[in-house]
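# I need the structure of the sequence given here:
(one chain, ligands or ions: 1)
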Amino acid sequence: MAIILDGKKASKDLKEEVRLSLDQYYKKGAPKCNLAIIMVGDNPASEIYVRNKAKACEAIGIGGQLIKLSEKITQEELEKYIIAVSKDPKVHGVMVQLPLPPHLDADRATELVPPEKDVDGFTTANLGKLIIGNQGFLSCTPGGIIYLLKNHKIVLAGKNVVIVGRSKIVGKPLALALLNENCTVTVCHSKTKNLASITSKADILIVAVGKPNFITSDMVKYCAVVVDVGINRTPEGIVGDVDFANVERQASFITPVPGGVGPMTVAYLMKNTLHAYEISLKGKYN
Ligand code: GUN
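A predicted model of the protein is given here:
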């Protein structure tokens, strides 16, 4: 039976690190750290995520400003909004919750967040820095996954990592971040041939495809570490992309859904917000 990679515990550890750091600044009289969370429309999943983000802010001493905009907003209005919020010197981090309604261009919108306030790491500036090394803001799910693995003392250097899914939010930045951790990284996607032959060679298998029970135990090497990024709503409740009940018998470590990667994403957003705050205090974005 695999050991559970406990995202609830690891996210508490990370949030506590952030809280303690903020406390030190506040004790010296520094201004309050603030995060602006921009959400468009009323996607029910996004509602839950942004509420969790705002709650985490409050618990650790960050001013979490939740800005809810109408589903009907135009691209131009949204862009003006992002620019205006980003200009406020009291706001240290800015994020636009995805997905946006289909009439809006998410890439253009997220690119308007200044790189030094881009706590999601979605701008081309921060993605470019990721190619050079670990210098900018790393996106929250990749950052949270790496923290979760290290928190459980899993060695990364030299490991064969297979990532299934190549999204801009998870797969691609995670591949680069793990390369920076000296892993050997393979990225698979919907056009990959013989997927099982590749996944079954992974020391660490990370799955982010959004398909319930997509990874079955025959696709997993004995004693592999399995990280499930999926959050799928099914009639049986929320399930991941991994057939947990069967893969659990095959793996050495495995993330549960819920309670694995999800809480890590929120905690890593707090870490990135602290980083944005420190950039503002120092007046310097490397
Ligand atoms: N939607 C799903 N994950 C994320 C994330 O990490 N950041 C934002 N902004 N939207 C998301």
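
# number of nearby residues for residue 52?
15 (other CB atoms under 10 Å). All C-beta atoms are positioned from the backbone trio N, CA, C, and that covers glycine.

# Grab the nearest non-local neighbour of it.
Once flanking residues are discounted, residue 52 sits nearest to residue 266: 5.3 Å by CB to CB, 6 or more residues apart in numbering.

# Tell me who's in contact with that neighbour.
By CB atoms under 8 Å, 6 or more residues apart in numbering, the contact list for residue 266 reads 11, 49, 52, 53, 56, 140, 144.

# can you do 10 Å?
Counting by CB atoms under 10 Å, 6 or more residues apart in numbering, residue 266 makes contact with 7, 11, 14-15, 49, 52-57, 140, 144.

# Any chance of a ChimeraX selection covering the buried ones in those residues?
Applying 16 or more other CB atoms under 10 Å to the contacts of residue 266 leaves a buried subset, and the ChimeraX line that selects it is:
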select :7,11,14,15,49,53,54,56,57,140,144
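
# between the contacts of residue 266, which is closest to the ligand?
Nearest to the ligand among those is residue 140, at 4.4 Å by CB to the nearest ligand atom.

# distance of the closest one from residue 23?
As judged by CB to CB, to the nearest Å, residue 140 and residue 23 stand 22 Å apart.

# Which residues of this structure lie near the ligand?
Contact residues, the chain versus the ligand (CB under 6 Å from any ligand atom): 95, 96, 97, 98, 120, 140, 141, 169, 265.

# What ranges does the protein have for its helices?
For the chain, applying DSSP state H gives helices covering 7-27, 44-60, 75-87, 106-110, 124-132, 140-151, 171-180, 195-199, 244-247, 261-282.

# Any chance of JSON lines for those, columns mean pLDDT and distance to residue 188?
Shown next, in JSON lines, are the helices of the chain (pLDDT from 0 to 100; distance: least, CB to CB, whole Å):
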{"stretch": "helix 7-27", "mean pLDDT": "98", "distance to residue 188": "23"}
{"stretch": "helix 44-60", "mean pLDDT": "97", "distance to residue 188": "25"}
{"stretch": "helix 75-87", "mean pLDDT": "98", "distance to residue 188": "33"}
{"stretch": "helix 106-110", "mean pLDDT": "98", "distance to residue 188": "23"}
{"stretch": "helix 124-132", "mean pLDDT": "97", "distance to residue 188": "20"}
{"stretch": "helix 140-151", "mean pLDDT": "98", "distance to residue 188": "16"}
{"stretch": "helix 171-180", "mean pLDDT": "98", "distance to residue 188": "9"}
{"stretch": "helix 195-199", "mean pLDDT": "98", "distance to residue 188": "6"}
{"stretch": "helix 244-247", "mean pLDDT": "98", "distance to residue 188": "16"}
{"stretch": "helix 261-282", "mean pLDDT": "98", "distance to residue 188": "18"}
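
# Present those helices as CSV; the columns should include distance to residue 162.
Converted to CSV, those look like this (distance: least, CB to CB, whole Å):
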stretch, distance to residue 162
helix 7-27, 20
helix 44-60, 26
helix 75-87, 35
helix 106-110, 27
helix 124-132, 19
helix 140-151, 13
helix 171-180, 10
helix 195-199, 5
helix 244-247, 14
helix 261-282, 16
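
# Contacts only, for residue 253.
The contact partners of residue 253, by CB under 10 Å, 6+ apart, come to 2-5, 148-149, 152, 154, 204, 223-227.

# Would you mind checking those residues for buried ones?
Once neighbours are counted (16+ other CB under 10 Å), the buried part of these comes down to 2, 4, 5, 148, 149, 154, 204, 224, 225, 226, 227.

# So the fourth one is in contact with residue 263, correct?
Yes - with contact defined as CB atoms under 10 Å, residue 148 counts as touching residue 263 (9.1 Å).

# okay, and the common contacts of these two?
Shared contacts of residue 148 and residue 263, counting by CB under 10 Å, 6+ apart, come down to 6, 7, 9, 10, 11, 14.

# next one: stretch 247-260 to chain centre, how far?
How far stretch 247-260 lies from its chain's middle: 18 Å, per CA atoms, centre = their mean, to the nearest Å.

# In this structure, which residue is most central in space?
The residue lying closest to the centre of the chain (CA atoms, centre = their mean) is residue 141, at 1.8 Å.

# residues touching that one, list them.
Neighbours of residue 141 in contact, by CB under 10 Å, 6+ apart: 120-121, 167, 169-171, 173-174, 206, 208, 229, 261-262, 264-265, 268-269.

# That concludes my questions; thank you for your assistance.
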